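Student: need a structure here:
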Amino acid sequence: MTAETSRPMRWAGWALSGLFIAFMVMDVGMKLARLPVVETTGAKLGLPPGSGFGIGVMEAALLALYVFPRTAVLGAILVTALMGGTAAIHWLNHDPLLGFVLFGPYLAVFAWGGLWLRDARLRALMPWRR
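Tutor: From the prediction side, this is the model:
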């Protein structure tokens, strides 16, 4: 038996998820539109030319998994892996820790936090202990 999710928790969960989704939609859109800033940034990070579009397609697929309730946990797991990769690339390029290296992990926390606040089953699986 699982506890119900209170209305304030559900709203907070949707707010966190909404911020994550909004950022990812913007990021995916920039990559799929092949904006020059994507190519410039990718080159600075040592990514192959033209890889931004493929990364955008992958991010769109992961975002779709996250958005649909049946696959949201799988989406969050895969998004976490992606964000770990972004942290590693920024770390290897000696980017600032708080603004660049940890930005992807911040996004993963928003994704998981939104799910955790909205879903009592997830809270039962991953309890917050005192």
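Student: In contact with residue 99, which residues?
Tutor: By CB atoms under 8 Å, 6 or more residues apart in numbering, no residues touch residue 99. All C-beta spots, glycine's among them, are computed from the backbone N, C-alpha and C.
Student: no, scratch that, I was asking about residue 65
Tutor: Residue 65 makes contact with 71, 72, 74, 75, 78 under the criterion CB under 8 Å, 6+ apart.
Student: repeat that for 7 Å
Tutor: Residue 65 makes contact with 71, 74, 75, 78 under the criterion CB atoms under 7 Å, 6 or more residues apart in numbering.
Student: got the residue ranges for the helices in the protein?
Tutor: Assigned by DSSP state H, the helices in the chain fall at 7-32, 36-44, 51-67, 72-92, 103-118, 120-125.
Student: Could you list every helix and strand in contact with the shortest one?
Tutor: The helices and strands touching helix 120-125, judged by 3 or more CB pairs under 7 Å, 6 or more residues apart in numbering; DSSP states H and E, are helix 103-118.
Student: Residue 36 - how many residues pack around it?
Tutor: Per other CB atoms under 10 Å, the neighbour tally for residue 36 reads 9.
Student: ok, back up a step: can you redo the contacts of residue 65 as JSON lines with neighbour count, pLDDT and distance to residue 65?
Tutor: Output for these, formatted as JSON lines (neighbours: other CB atoms under 10 Å; pLDDT from 0 to 100; distance: CB to CB, whole Å):
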{"residue": "71", "neighbour count": "14", "pLDDT": "97", "distance to residue 65": "4"}
{"residue": "74", "neighbour count": "13", "pLDDT": "97", "distance to residue 65": "5"}
{"residue": "75", "neighbour count": "20", "pLDDT": "97", "distance to residue 65": "3"}
{"residue": "78", "neighbour count": "18", "pLDDT": "98", "distance to residue 65": "6"}
